[in-house]
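# Kindly return the folded structure for what I paste below:
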Amino acid sequence: MPQFPYEKISYELLSDFEPRTKDIVIKRFGLENGEPFTLERIGEDHDITRERVRQIVDQTLNQIKENHAPSFPGKVFSHFSSTIKKLGNAKREDLLLEKLRGDCKPTYVVFLLNLGDQFLRHRETDEVHPFWTVEQEVLNRVPSLLQHIHGYFEKKKDAAHLRELQEIHEGASLLALSSLLEISKRVVQAHDGRWGLRDWAHINPRTIRDKAYIALRAKGEPLHFREVAEVIEELQEKFPTQKLKEVLPQTVHNELIKDPRFVLVGRGMYALQDWGYEPGTVKDVLLSILQKESQPLTKEQIIEKTLSQRQVRETTILLNLQDRSLFARDELGRYYVR
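Numbers count the residues shown, from 1 in each chain. A predicted model of the protein is given here:
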């Protein structure tokens, strides 16, 4: 990727302006310290109204365009334009700046983008992040396309891979579709690469319980609570909006034991009730197994069925079967609920 001296270019474009004008533009775009000033703050510094600040900035940008057209550094604009097109023709502002900035502050890129009439910016709203494009049609269509995708997710109630979403947006490349989804504030990419709504716990988990649920689903088998904590730590880098933090095994254990989605199937071992595991103690499992059967079961049959539900020793099963207030045996030695 070509590198351009954005800082040098920016200051050269401002070099012919008087100090106050130059200072206002530099502060407005944050060229000096990387943090743009508000119109109010600049107005206070120069004892002028916020509207006057806006006028000075707009007038300066227009004058730069007039003074340097058509000699404005075309290679820079060509690079900006081709990059936006390669990224799907609509790119979220922060991601675009990270792609373009090279070693300089991203504010210089923003300043230069504002000098190119071909570069169109959509402001930030409650639904979308600010983004840039080079086509007016794209600028107009993105919000409605995202509304369509939001509606699709709300109806589906589950995450989807890009190729599935591509089916409802025929002609859209996977790259363009990915860039489109990144613009939305309501859609995020989950740890497994699928996309879904930000407020879904299985997409964007916020609690230990939700993270543990994802960890067990990812592994597809019962895990000790210490293993669950390890898997959460492995996965949390991929969770959309979560900060990395230490996951304590005991905290995981304390949370899982209170949530009906998780079943304690052995000493410290947890499984998901979704997988068909019965909640409760070993004795509860024995009662459930025998109550579902139309005839008594042998000791071996009970042990086999119980071990599919609990990771315990056979002696533990047999000990629980000795409760004569609950279980009885027929003349063949088979067990049934009393």
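
# Model confidence at K243, what's the number?
As predicted, K243 sits at a pLDDT of 71.

# May I see the buried residues of the one helix or strand V252 maps to?
Using DSSP states H and E, V252 sits within helix 249-256. Buried residues in helix 249-256, counted by 16 or more other CB atoms under 10 Å: 249, 252-253, 255-256. All C-beta atoms are positioned from the backbone trio N, CA, C, and that covers glycine.

# and of the residues you listed, the nearest to E127?
Nearest to E127 among the buried residues of helix 249-256, counting by CB to CB, is E255 at 33.1 Å.

# what residues are up against the closest one?
Residues in contact with E255 (CB atoms under 8 Å, 6 or more residues apart in numbering) are 207-209, 212.

# In PyMOL, how would I select just the buried ones from the residues you listed?
Buried members of the contacts of E255, defined by 16+ other CB under 10 Å, are picked up in PyMOL with:
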select buried, resi 208+209+212
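
# Dump the contacts of E255 into JSON lines; add distance to L223 and secondary structure as well.
Shown next, in JSON lines, are the contacts of E255 (distance: CB to CB, whole Å; DSSP: H, G, I helix; E, B strand; the rest coil):
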{"residue": "T207", "distance to L223": "18", "secondary structure": "coil"}
{"residue": "I208", "distance to L223": "14", "secondary structure": "helix"}
{"residue": "R209", "distance to L223": "14", "secondary structure": "helix"}
{"residue": "A212", "distance to L223": "9", "secondary structure": "helix"}
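
# which ones are touching K283?
320, 323, 326.

# repeat that with 10 Å
K283 is in contact with 317, 319-321, 323, 326-327, counting by CB atoms under 10 Å, 6 or more residues apart in numbering.

# got it, and A201?
207, 209-211, 213-214.

# Kindly reformat these as JSON lines containing pLDDT and distance to V142.
Shown next, in JSON lines, are those (pLDDT from 0 to 100; distance: CB to CB, whole Å):
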{"residue": "T207", "pLDDT": "93", "distance to V142": "33"}
{"residue": "R209", "pLDDT": "95", "distance to V142": "36"}
{"residue": "D210", "pLDDT": "95", "distance to V142": "30"}
{"residue": "K211", "pLDDT": "95", "distance to V142": "32"}
{"residue": "Y213", "pLDDT": "96", "distance to V142": "33"}
{"residue": "I214", "pLDDT": "95", "distance to V142": "30"}
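
# Looking at those, which one is closest to G171?
I214 (33.3 Å).

# What about the residue nearest to the closest one when sequence neighbours are not counted, how many residues nearby?
In space, and not counting its chain neighbours, I214 is closest to P205: 5.6 Å by CB to CB, 6 or more residues apart in numbering. By the measure other CB atoms under 10 Å, the count of residues near P205 is 24.

# Confirm for me that P205 is in contact with L216.
No. Here P205 does not reach L216: they are 12.0 Å apart, not a contact under CB atoms under 10 Å.

# And the spatially most central residue of the chain, how far from Y213?
Note on the chain: the residue nearest the mean C-alpha position is P240, at 2.7 Å, using CA atoms, centre = their mean. Per CB to CB, to the nearest Å, P240 is found 16 Å from Y213.

# same thing with Q55?
Using CB to CB, we find Q55 at a distance of 55 Å from Y213.

# can you check R198 too?
R198 sits 17 Å away from Y213, going by CB to CB.

# With E246 instead?
Counting by CB to CB - E246 and Y213 are separated by 19 Å.

# tally of neighbours for K99?
Per other CB under 10 Å, the neighbour tally for K99 reads 16.

# change the start of the numbering to 42 and stick with it
Okay, using 42 as the starting number, the last item reads as K140.

# tell me the contacts of it?
K140 sits next to 42, 124-125, 127-128, 132, 147, 150 when contact means CB under 10 Å, 6+ apart.

# try 7 Å
When the contact criterion is CB atoms under 7 Å, 6 or more residues apart in numbering, the partners of K140 are 124, 128.

# so which strand or helix has it?
With DSSP H and E as criterion, K140 is part of helix 134-141.
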